[in-house]
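>>> Okay, predicted coordinates and the sequence, questions at the end:
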Amino acid sequence: MIIVIISLHFLLYWTSVLAEDNGVTQIPSVAWHLQGESAEMKCSHNKDAGYYQMYWFRQRQGQSMELIVYITTSNQTDFGSVDRNKFSAIKKIPANGSLTVKDLDTEDSAVYFCAVGKHSVTELLHC
């Protein structure tokens, strides 16, 4: 029997100041699942509705952090260089979202990070 350990952490993304209470929460904080099962992680924040962008990252032991998926409230997704069939992301409202890792294997043992981003508009000057 192989157990896959998933550790979850939160990360407030693209803000100027990180404070002790950055308003982003992930549950569960640690999860153990059997190989072949699925693991769902939830992320929520208490920021304003402008923070409708959500990012999910993972960091395997001894490796750099990698983007799993970017998702918006319209469920527009942009996957990183991962197998998109392995992951499912849902975000229906600005304050909540979830990531599911399917068919767990030992390679899925990692620290998973949720991040939220605020929409910003770039003004273009036309001369």
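Yes, it's here.

>>> pLDDT wise, what is the most centrally placed residue in the chain at?
Among the residues of the chain, the one closest to the centroid is residue 56, at 2.1 Å (CA atoms, centre = their mean). Looking at residue 56, its pLDDT stands at 94.

>>> Beta-bridge partners for it, please?
For residue 56, the residues forming beta bridges with it (DSSP bridges) are residue 69, residue 114.

>>> cool, residue 88 as well?
Here residue 88 shows beta-bridge partners residue 100, assigned using DSSP bridges.

>>> Check whether residue 107 sits in a helix, strand or coil.
For residue 107, the reduced secondary structure class is helix; criterion used: DSSP: H, G, I helix; E, B strand; the rest coil.

>>> ok, now which ones touch it?
Contacts of residue 107 were listed using CB atoms under 8 Å, 6 or more residues apart in numbering, and they are residue 60. Bear in mind the C-beta positions are built from the backbone N, C-alpha and C, glycine included.

>>> go again using 7 Å as the cut-off
The contact partners of residue 107, taken as CB atoms under 7 Å, 6 or more residues apart in numbering, number zero.

>>> Look up how far residue 60 lies from it.
With the distance defined as CB to CB, to the nearest Å, residue 107 ends up 8 Å from residue 60.
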